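Undergrad: Test case, fold it:
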Amino acid sequence: MAETIKPRTAAEVLDAVAWAASSETPLELIGRGSKRALGRPFQAAYALDLSDLKGIGAYEPEELVMTALPGTPLAEIERAVAERRQMLAFEPMDLGPLLGVPAGSGSIGGVFAANLSGPRRIKAGAARDHLLGFHGVSGRGEAYKAGGRVVKNVTGYDLAKLITGSFGTLSALTEITFKVLPLPEKARTVLVLGLDDARAIQAMTEALASPHEVASAAHLPAALAGGSAVSAPSLPAQNRYGGSRFRPAPVLAWWPRSPPRFLRGPSLIGAAVSCGWRSARPQRPRAMPAPAWSGARSPPPADTQP
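TA: Numbers count the residues shown, from 1 in each chain. Down below sits the predicted model:
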C-alpha cells in the first residue's frame with residue numbers, strides 16, 4: 001500500500017515533487033481517484049493526492065472563463081456554470097460507474113489530465129480545446145505556468161494542449177483556467193426508434209450533415225436502450241406523417257413543412273423531448289460478456305544476464 005502525501009496548497013505540491021525528484025522516488029499522481037482503474041496499476045511507494053487542492057478561484061461569466069484548483073469536483077463546476085446558464089461544451093464523461101466508483105466522483109483536474117470529452121466533441125471540440133492555461137509543477141520540482149486567461153494567449157509552445165491527456169505524467173497541475181460557453185436557449189433530444197445498426201448509421205450521418213445544428217448523435221442497440229432513462233413516448237395514432245408517427249410539438253415547430261429525412265421511414269417513431277441528451281443516454285454500465293483482457297496483467301520482464 002502506497003503512502004499518501006496530501007498537499008493543501010500549491011507550495012506543498014512543489015515541496016513534495018521537489019523532494020521526490022531529489023531522492024529519485026516515483027510518485028503516483030491522483031486527483032479524486034475516479035479513473036485510477038484505467039490502464040496498468042501504478043506501482044510507487046508514494047501517492048501524491050491532489051483532492052484537497054480544491055475550490056473555484058475565479059469565475060467571470062461575462063468573459064466565459066473559469067479558474068479552479070485541480071481537485072475541485074466536476075459536479076461542483078457544472079453546478080456553478082449551470083446557475084449562470086453556461087456549460088462545459090465538450091460534455092466531459094463520467095466514467096465513475098463504469099470503473100466501479102460512485103457517479104460524480106471525478107475532478108476538473110482529472111477531466112483535463114485525461115482529456116475526457118463526451119459526444120459533443122464532434123461539434124464543440126475536445127477538452128484540450130477549452131483549456132486556456134494552467135499552473136503546474138514539473139517532474140524536476142520546478143513551478144511554472146503556461147497559457148493565460150484569454151483565448152489568444154499562446155506564444156511559442158502551446159503547453160496546455162500538450163498537458164491535456166497526459167494523465168499526470170508530465171506535470172502536477174495546481175491551477176487550471178478554461179473556457180465555458182452559454183447554454184443553448186432551447187435543446188431537444190430527438191428519438192428515432194426501430195432502427196437496425198445500418199439504418200441507424202445512415203440516420204445519424206444525415207442528421208449530422210443537415211442544417212439543423214445537431215450537436216451529437218448516438219445509436220443504442222435494443223439491449224442497451226432498454227436501460228435508458230428515456231422511454232418511447234406515447235404517441236396517438238392520428239399523429240402520423242408518411243407512415244411515421246411523431247409528436248406534433250415541438251418536432252413540427254422545428255420543421256413546419258416536413259420532417260427532416262432522418263425522421264422518415266415506415267417503421268420509425270420520431271419525437272422531440274426536453275429531457276436532455278444526458279438523460280437519453282445510459283448512465284450506468286450494462287451487463288455484457290467479460291472482455292478477453294479481463295484480469296490480465298503484463299508479465300514482468302525476464303531476468304537476463306549480460
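Undergrad: Find the helix or strand that Ala80 is a member of.
TA: According to DSSP states H and E, Ala80 maps onto helix 74-83.
Undergrad: helices or strands up against that helix?
TA: strand 56-60, strand 65-68, helix 108-113 (3 or more Cβ pairs under 8 Å, 6 or more residues apart in numbering; DSSP states H and E). For glycine as for every other residue, the C-beta is placed from the backbone atoms N, C-alpha and C.
Undergrad: The last one: which residues count as buried?
TA: Yep, that's helix 108-113 we're talking about. For helix 108-113, the neighbour count (16 or more other Cβ atoms under 10 Å) marks 108-113 as buried.
Undergrad: Would you tell me which one of those comes nearest to Gly133?
TA: Phe112 (11.1 Å; Cβ to Cβ).
Undergrad: related to what we said a few turns ago, will you turn the buried residues of helix 108-113 into a markdown table that also has distance to Asp129?
TA: Putting the buried residues of helix 108-113 into a markdown table (distance: Cβ to Cβ, whole Å) gives the following:
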| residue | distance to Asp129 |
| --- | --- |
| Ile108 | 15 |
| Gly109 | 17 |
| Gly110 | 17 |
| Val111 | 13 |
| Phe112 | 11 |
| Ala113 | 15 |
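Undergrad: Tell me the one among the residues you listed nearest to Leu208.
TA: With Cβ to Cβ as the yardstick, the closest approach to Leu208 among those comes from Val111, at 24.6 Å.
Undergrad: Enumerate residues external to stretch 51-61 that contact any of its residues.
TA: Stretch 51-61 is contacted from outside by 6-10, 13, 30-33, 65-73, 76-77, 80-81, 84, 86, 107, 109, 174-175, 180, using Cβ atoms under 8 Å, 6 or more residues apart in numbering.
Undergrad: And for stretch 90-99?
TA: Stretch 90-99 is contacted by residues 34-38, 74, 102-106, 111, 116-121, 124-127, 129-130, 216, 277, 283-285 when judged by Cβ under 8 Å, 6+ apart.
Undergrad: Give the buried subset of the residues you listed as a ChimeraX selection command.
TA: Selection command for ChimeraX covering only the buried members of these, criterion 16+ other Cβ under 10 Å:
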select :34,35,36,74,105,106,111,116,117,118,119,120,121,124,126,127,129,130,216,277
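Undergrad: now the chain, which segments are flagged as low pLDDT?
TA: Scanning the chain for pLDDT under 70 picks out 1, 151-156, 188, 222-306.
Undergrad: Okay, domains of it per the record?
TA: Split into domains by automatic domain parsing, the chain comes to 49-182, 189-280.
Undergrad: Let me know which of these is tucked in deepest.
TA: The highest average neighbour count among those, using mean count of other Cβ atoms under 10 Å, belongs to domain 49-182 at a mean of 18.
Undergrad: Many thanks, have a good one.
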